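> build me a model from this:
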Amino acid sequence: MIVSSIGKRRGKRNARSKPSSPLHASVAGFTARRRPPRPRDRNALTPGKSGAETTPTLNHDRPPRSRAERFRRLALALFILFVATPSLLFVLVYWSAEIPDPTAVQTNQIATILASDGTTVIAKVVPPDGNRTPVPLSQVPEPVRNAVLSAEDRDFYTNPGYSTSGFLRAGRDNLLGKDNAGGGSTITQQYVKNAFLGSERTLTRKMRELIIAAKMARQWSKDDILAAYLNTIFYGRGSYGIAAASKAYFDKPPAQLTLAEGAVLAALIRTPSILDPETHLPDLKARWQYVLDGMVEMGVLAPGDRDATVFPRIVPIVDLPDQDAARGPEGLIRTQVLRELRASGISERELNTGALQITTTIDARAQQAALTALQDRLGPQPPYLRGAVVSIDPRSGAVRAYYGGEDGIGYDFAQAPLQTGSAFKVFAVIAAQQQSIPLTRVLDSSPLSDRGTRITNVDGESCGKCSMAESLKRSLNTSFYRLTMSMFDGPQAIADAAHKAGIPEEIPGVAGKTLSEDGGSPLNGIVLGQYLVRPIDMASAYATIAASGMYHQPYFVQRVVAGDGRVLLDRGAPEQQVGDQLPPGEQRIKPAVAQNTIAAMMPIAAYSNGHALADNRPSAAKTGTTQLGTSDENKDAWMIGFTPSLSTAVWIGSEQSQPIHTARGADIYGSGLPADIWKQMMDDALAGTPVEQFPTAPAGGPFGGNQQKPSGNPYDILNPNPPQQQEQPQEPSIAIPPAPPEPPRQVEIFPGLSVPVPR
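Here you go, the predicted structure:
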């Protein structure tokens with residue numbers, strides 16, 4: 001019974017496995033190929049000629065699909081591809097898109113650079129792609145608004161943020177070659193593209209534009225969208241937003257625009273580059289006519305008023321005041337301000353969208369004094385002459401005046417690496433004192449030669465043998481050259497003193513380390529100013545001396561406040577400038593050394609052709625002049641000097657390395673034209689301020705302990721016994737540094753000149 005029951009069940013199973021249709025036969029055949037039937041299943045085997053088992057023959061014939069079935073399948077595929085999938089993506093993007101509040105949208109806005117008084121405008125920073133000044137919609141006359149709607153989106157107030165007919169119309173016009181009809185994007189779409197997405201031409205970007213525009217139209221009012229659009233769109237002439245465009249084309253605010261003027265601005269929106277009135281006026285007029293005709297069609301302009309409207313006068317671009325370009329001297333200040341903002345961590349986005357108010361260290365009075373002095377003194381001179389003026393507050397490092405050239409986007413001579421001439425001797429005075437060589441050390445001023453180069457003084461001047469202080473006043477090359485050779489590692493000692501004072505070890509435009517010979521040790525000529533230094537660095541280094549050896553890094557930016565009131569940077573008052581934003585001063589030079597150096601420099605302004613400051617105001621200064629190659633012509637002339645509150649460097653030269661002469665053909669020296677500019681600028685900048693005194697020199701004065709107090713003239717202290725009375729100088733003519741454990745051997749190479757050589 002058990003066997004019989006099993007057999008029956010197997011029989012039923014085999015009966016069910018028989019193919020009952022072609023489709024079943026195909027499936028059965030596929031099953032047979034995957035798993036051969038069991039031997040006892042006779043229906044699955046067919047004996048061949050050789051007796052071997054073979055698979056059943058398959059029936060591949062299928063009934064053809066009906067036309068209705070094929071259509072249903074195609075319709076399903078098209079539905080999934082063009083309806084279901086886009087709808088799903090639309091929903092996902094729609095719900096993920098975040099539409100900000102109209103008041104929270106940041107657009108590019110102008111940053112304003114102010115003088116230290118917080119009110120005087122020095123320059124403006126226009127974002128790379130916009131100079132927008134937002135205005136409320138109420139300040140845009142209704143005819144101007146209607147003109148924009150006529151040009152760009154005539155059913156703006158009724159459409160859902162996008163326009164299907166607009167796309168179809170744009171496609172039709174492209175095929176017919178029409179250029180004047182409305183485009184495919186609504187005003188809402190255009191704003192979304194400009195404010196959020198950019199102009200990338202991809203299907204993905206276009207889809208996002210449509211979705212965000214649709215969502216924005218539901219969340220923003222139409223007036224908010226139109227106001228945002230008018231304040232961000234580009235109108236040409238570098239103007240973004242209707243306020244800038246109104247100024248650029250008609251030199252008036254938007255509230256004063258007429259219907260005709262508004263139609264011009266509306267006409268420009270589509271393609272401002274090819275509708276520029278300077279080059280394509282007929283095309284602009286044709287587009288203007290189209291805008292007016294559209295207003296008639298919209299019912300917002302009567303036909304009679306349209307016929308009476310006359311194309312307005314557009315201000316020529318050359319007649320417009322260029323307040324934003326800062327092409328004058330102030331443009332170079334702007335460049336330094338932007339560099340400092342980036343270094344302080346203020347981002348480009350904050351700069352472009354924050355409506356920043358940037359208060360600088362520039363003193364409006366000192367800046368104007370510098371510009372006036374340059375104009376007065378350089379104006380009558382040959383036009384090839386160039387100048388640079390930098391003034392720094394010794395107590396803080398704040399740059400008070402800055403001039404690097406007339407072209408605000410041109411070359412900045414205040415940042416130019418230049419030879420300084422005798423102005424560099426001041427650092428030799430510091431280096432000598434650091435090696436215990438006093439200012440009373442007597443130096444030989446006769447000519448000498450070194451490495452085949454003959455060293456002389458200007459016009460053969462000589463004091464015979466006189467003190468270092470007197471040699472500095474007279475700027476005697478030979479005396480300081482001998483001083484350099486007599487010091488222990490003299491050239492490097494001078495370079496180190498200059499670096500300590502504030503000359504950077506690396507500057508743009510100078511390969512390798514500054515004040516060095518191809519990165520190695522400097523040569524003796526360093527004392528004569530043969531190495532390259534910038535005017536701003538000389539003003540800073542002299543400011544360190546004025547501050548009794550306290551160094552402060554120069555800076556331009558005092559405070560930065562965003563349009564919403566956030567303070568992004570605040571260096572505080574000079575006495576409060578501590579912390580990460582501006583390190584406190586660093587004592588680089590001993591106060592006694594700096595004050596002795598000041599004392600030695602105090603008579604120089606008066607000695608240099610009578611350039612002492614007005615009101616008997618004490619100052620310390622040094623002139624400098626460099627020659628053009630091996631010629632007798634001059635190419636650079638300097639005057640650098642300071643009071644306790646202002647250090648100013650003045651340079652005069654040329655753009656090309658060439659001889660510099662006055663209008664009368666005379667050679668220019670530091671004591672001439674540069675000193676004239678320096679005195680006029682300093683007198684004007686400091687007029688009315690307290691007359692400050694320098695700190696008192698250490699006990700014993702700069703010339704040693706046995707010195708009598710000066711009588712009458714405050715500069716007497718700097719003029720020791722005249723050279724003719726120094727028959728027996730108390731100091732040897734050349735200083736020998738303190739003896740090391742094994743002092744070097746001295747060899748006399750010139751009369752009165754000995755140098756150390758290794759043993």
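> isn't Asp444 up against Arg482?
Yes - with contact taken as CB atoms under 8 Å, Asp444 and Arg482 are classed as touching, separated by 5.8 Å. Any C-beta I mention is one placed from the backbone N, CA and C, and that applies to glycine too.
> more crowded one of those two?
The residue with more neighbours, out of Asp444 and Arg482 and counting by other CB atoms under 10 Å, is Arg482; that gives 30 against 23.
> give me the element the more buried one is part of.
Secondary-structure element containing Arg482, defined by DSSP states H and E: helix 477-486.
> residues in contact with that helix?
Applying CB atoms under 8 Å, 6 or more residues apart in numbering, the contact partners of helix 477-486 are 422, 425, 428, 432, 437, 441, 443-448, 450, 455-458, 462-463, 466, 468, 471-472, 490-491, 494, 524, 526-528, 733-736, 753-755.
> can you list the helices and strands that the helix or strand that contains Val192 packs against?
Using DSSP H and E, Val192 sits in helix 187-192. Applying 3 or more CB pairs under 8 Å, 6 or more residues apart in numbering; DSSP states H and E, one finds that helix 187-192 makes contact with helix 142-152, helix 203-219, helix 222-230.
> hmm, 6 Å instead?
For helix 187-192, the packing partners by 3 or more CB pairs under 6 Å, 6 or more residues apart in numbering; DSSP states H and E come out as helix 203-219, helix 222-230.
> just say which of these is most tucked in.
Mean neighbour count, computed with mean count of other CB atoms under 10 Å, is highest for helix 222-230 among these, reaching a mean of 21.
> and the nearest residue to Ala355 once chain neighbours are set aside, how many neighbours does it have?
Excluding its sequence neighbours, the residue lying closest to Ala355 (CB to CB, 6 or more residues apart in numbering) is Gly563, at 3.0 Å. Taking other CB under 10 Å as the neighbour definition, Gly563 ends up with a count of 15.
> cool, Thr309 as well?
Here the number of neighbours of Thr309 (other CB under 10 Å) works out to 18.
> distance of the closest residue to it other than its chain neighbours from Gly549?
Nearest non-adjacent residue to Thr309, counting by CB to CB, 6+ apart: Ala260, 5.1 Å away. According to CB to CB, to the nearest Å, Ala260 and Gly549 sit 69 Å apart.
> who's more crowded, the two?
Neighbour tally, Ala260 and Gly549, criterion other CB under 10 Å: the higher count belongs to Gly549, 22 against 17.
> which stretches of the stretch 251-400 of the chain have low pLDDT?
Low-confidence regions of the stretch 251-400 of the chain, defined by pLDDT under 70, span residues 318-326.
> can you give me the helices for it?
259-268, 281-298, 303-308, 330-343, 348-353, 364-378 (DSSP state H, counting those that start in this stretch).
> tell me what the third one is packed against?
Contact analysis of helix 303-308 by 3+ CB pairs under 6 Å, 6+ apart lists helix 281-298 as its packing neighbours.
> go through the helix it packs on and flag the buried ones.
Along helix 281-298, these residues count as buried under the neighbour rule (16 or more other CB atoms under 10 Å): Asp283, Leu284, Arg287, Trp288, Gln289, Tyr290, Val291, Leu292, Gly294, Met295, Val296.
> equivalent analysis for stretch 429-442, please.
For stretch 429-442, the neighbour count (16+ other CB under 10 Å) marks 429-435, 437-442 as buried.
> how about low-confidence regions in the stretch 501-650 of the chain?
Within the stretch 501-650 of the chain, the ranges that satisfy pLDDT under 70 run 573-583.
> show me where it has its strands.
532-533, 550-551, 557-561, 567-570, 586-587, 620-627, 634-642, 647-654 (DSSP state E, counting those that start in this stretch).
> turn those strands into a markdown table, including mean neighbour count and distance to Asp518.
Compiled in a markdown table, those are given as follows (neighbours: other CB atoms under 10 Å; distance: least, CB to CB, whole Å):
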| stretch | mean neighbour count | distance to Asp518 |
| --- | --- | --- |
| strand 532-533 | 20 | 13 |
| strand 550-551 | 20 | 27 |
| strand 557-561 | 22 | 36 |
| strand 567-570 | 16 | 39 |
| strand 586-587 | 13 | 29 |
| strand 620-627 | 25 | 20 |
| strand 634-642 | 27 | 22 |
| strand 647-654 | 28 | 24 |
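> mind putting those into TSV with distance to Gly331?
Written out in TSV, the entries for those read as follows (distance: least, CB to CB, whole Å):
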stretch	distance to Gly331
strand 532-533	24
strand 550-551	29
strand 557-561	16
strand 567-570	21
strand 586-587	32
strand 620-627	28
strand 634-642	24
strand 647-654	19
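> list phi and psi for Val442.
Comment: the main-chain dihedrals of Val442 come out as phi -90, psi 130, following degrees, to the nearest 10.
> next one: it from Cys463, what distance?
Plainly put, Val442 is 10 Å away from Cys463 if you go by CB to CB.
> now swap in Glu506 and tell me
Distance of Glu506 to Cys463, given as CB to CB: 38 Å.
> these two: who's more crowded?
In terms of neighbours (other CB under 10 Å), Cys463 is the more surrounded of Glu506 and Cys463; the figures are 23 against 9.
> am I right that the more buried one sits in a strand?
No - the assignment for Cys463 by DSSP: H, G, I helix; E, B strand; the rest coil gives coil, which leaves it out of any strand.
> you'd agree it is up against Ser445?
Yes - counting by CB atoms under 6 Å, a contact exists between Cys463 and Ser445, whose distance comes to 5.0 Å.
> buried stuff in stretch 497-515?
Neighbour-count burial for stretch 497-515, counted by 16+ other CB under 10 Å, picks out 497-504, 507, 510, 513-515.
> no no, stretch 603-614
Pro603, Ile604, Ala605, Ala606, Tyr607, Ser608, His611, Ala612, Leu613.
> what does it rub up against?
473, 619, 621-623, 641, 671, 675, 679, 682-683, 715, 718 (CB atoms under 6 Å, 6 or more residues apart in numbering).
> then it to CSV, C-alphas only?
Backbone C-alpha positions of stretch 603-614 (Å, rounded to 0.1, in the frame of the first residue of the first chain) are rendered in CSV as follows:
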residue,chain,number,x,y,z
PRO,A,603,71.2,118.4,13.8
ILE,A,604,70.9,116.9,10.3
ALA,A,605,67.7,118.5,9.1
ALA,A,606,69.0,122.0,9.8
TYR,A,607,72.4,121.1,8.4
SER,A,608,70.8,119.8,5.2
ASN,A,609,70.0,123.1,3.5
GLY,A,610,68.0,124.4,6.4
HIS,A,611,65.2,121.9,6.7
ALA,A,612,64.6,122.1,10.4
LEU,A,613,60.9,121.9,11.3
ALA,A,614,58.8,124.9,12.1
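> quick one: that stretch to chain centroid distance?
Using CA atoms, centre = their mean, to the nearest Å, the distance from the centre of stretch 603-614 to the centre of the chain it belongs to is 39 Å.
> over to stretch 533-550?
Averaging C-alpha positions (CA atoms, centre = their mean) puts stretch 533-550 24 Å from its chain's average.
> tell me the domain ranges of the protein?
According to automatic domain parsing, the chain is divided into the following domains: 2-52, 132-319, 419-532+721-738.
> average pLDDT across the first one?
In this case it means domain 2-52. Taken as a whole, domain 2-52 has a mean pLDDT of 44.
> for the one helix or strand Ala685 maps to, packing partners?
Under the assignment given by DSSP H and E, the secondary-structure element containing Ala685 is helix 673-686. Identification of packing neighbours for helix 673-686 by 3+ CB pairs under 6 Å, 6+ apart yields helix 364-378, strand 634-642, strand 647-654.
> returning to what we had before: so how far is Leu341 from the residue nearest to Ala355?
Gly563 sits at a distance of 15 Å from Leu341 (criterion: CB to CB).
> cool, Leu374 as well?
Leu374 sits 27 Å away from Leu341 when distances are taken as CB to CB.
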